[in-house]
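Participant: Provide a 3D model corresponding to the input given below.
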Amino acid sequence: MRTGEIKMEERLQNFIRENKKEFDCAEPPAGLWERIEKELNAKGTKAPKSVRVVKLRSLLQVAASLAVIVAAGIFLWQYQYDQATDLANIDPNLAKQQMHYASVIENKRTELKRIEKEEPQLYQEFSSEIRKMDESYQRLKKDLPGSPNQEETVKAMIRNLQIQAEVLNQQLNVIKQINDSKKQQDDETQSI
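Facilitator: Numbering: from 1, shown residues only. As a prediction, the model looks like this:
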């Protein structure tokens, strides 16, 4: 067993131990049996009280057991999914690279956003390109848990981020050139 699986198993056991009272409190409220019996009598059906109690108690036990199993299953599935998609569990160095490029991209997108009002068409075009690359990145990220070679998938994700950063740099350079050209034209116009 891996250490992550052992920790998860211990957390699940602790969770069950700590919440045992909530799991065991599946007793019906007081007076429920009498109300059910009155309703049955009113409808003209009458089963022996012991049979009715046993059926309801069995039903409640099954329902409580199913609730615990479903909750535990959801907890385990979520934990395993989180472990499978946590890049630090796959390769800590790649996780650091991913974080670095994600941060760089976020900063560059903020810079690019500044031109939205001045050059909306250009902004839309640039954003569209980045959006396509981000969609590709998100598909890779989604496929990561089921990937037979997770390290290669993470490397592809990082390469995608690198390309996004390069494209954003190029876009920002184009914007700088446009602004420089406008400034130069304004300077020439003012000097005339």
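Participant: Show me where the chain dips below the pLDDT cut-off.
Facilitator: For the chain, residues meeting the criterion pLDDT under 70 lie at 1-6, 23-28, 43-54, 77-91, 191-192.
Participant: So it: which segments form each domain?
Facilitator: For the chain, automatic domain parsing gives the domain ranges 3-84, 90-191.
Participant: Check the ones you listed for me and report the most buried one.
Facilitator: domain 90-191 (a mean of 14; mean count of other CB atoms under 10 Å). In this view, the C-beta of every residue, glycine as well, is placed from N, C-alpha and C.
Participant: where along the protein do the helices fall?
Facilitator: For the chain, applying DSSP state H gives helices covering 3-18, 20-24, 32-43, 49-85, 87-90, 92-113, 120-143, 150-191.
Participant: now residue 159: how far from residue 131?
Facilitator: Using CB to CB, to the nearest Å, residue 159 is found at 18 Å from residue 131.
Participant: again with residue 173
Facilitator: 20 Å.
Participant: again, but for residue 62
Facilitator: In terms of CB to CB, residue 62 sits 49 Å off from residue 131.
Participant: and what of residue 148?
Facilitator: 29 Å.
Participant: what do you get for residue 161?
Facilitator: 14 Å.
Participant: Ok, residue 182 next?
Facilitator: Distance from residue 182 to residue 131, by CB to CB: 27 Å.
Participant: Next up, the contacts around residue 111.
Facilitator: Each residue near residue 111 by CB atoms under 8 Å, 6 or more residues apart in numbering is listed here: 168, 172.
Participant: make it 10 Å
Facilitator: Shown in contact with residue 111 (CB atoms under 10 Å, 6 or more residues apart in numbering): 168, 169, 171, 172, 175.
Participant: Report the contact partners of the residue lying closest to the third one once chain neighbours are set aside.
Facilitator: Among residues not flanking residue 171 along the chain, residue 126 sits closest, at 4.6 Å (CB to CB, 6 or more residues apart in numbering). Residues touching residue 126, when contacts are defined by CB under 10 Å, 6+ apart, comprise 109, 112, 115, 116, 119, 167, 168, 170, 171, 172, 174, 175.
Participant: Redo the residues you listed as CSV? Include distance to residue 154.
Facilitator: Shown next, in CSV, are the contacts of residue 126 (distance: CB to CB, whole Å):
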residue, distance to residue 154
109, 22
112, 26
115, 32
116, 32
119, 35
167, 20
168, 21
170, 25
171, 26
172, 27
174, 31
175, 31
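Participant: and of these, the nearest to residue 30?
Facilitator: Checking the contacts of residue 126 against residue 30 with CB to CB, the nearest one is residue 109 at 61.1 Å.
Participant: Surely the closest one and residue 168 touch.
Facilitator: Yes - counting by CB atoms under 10 Å, residue 109 touches residue 168, with 6.8 Å between them.
Participant: any residues in contact with both of the two?
Facilitator: With CB under 10 Å, 6+ apart, residue 109 and residue 168 have common neighbours 126, 130.
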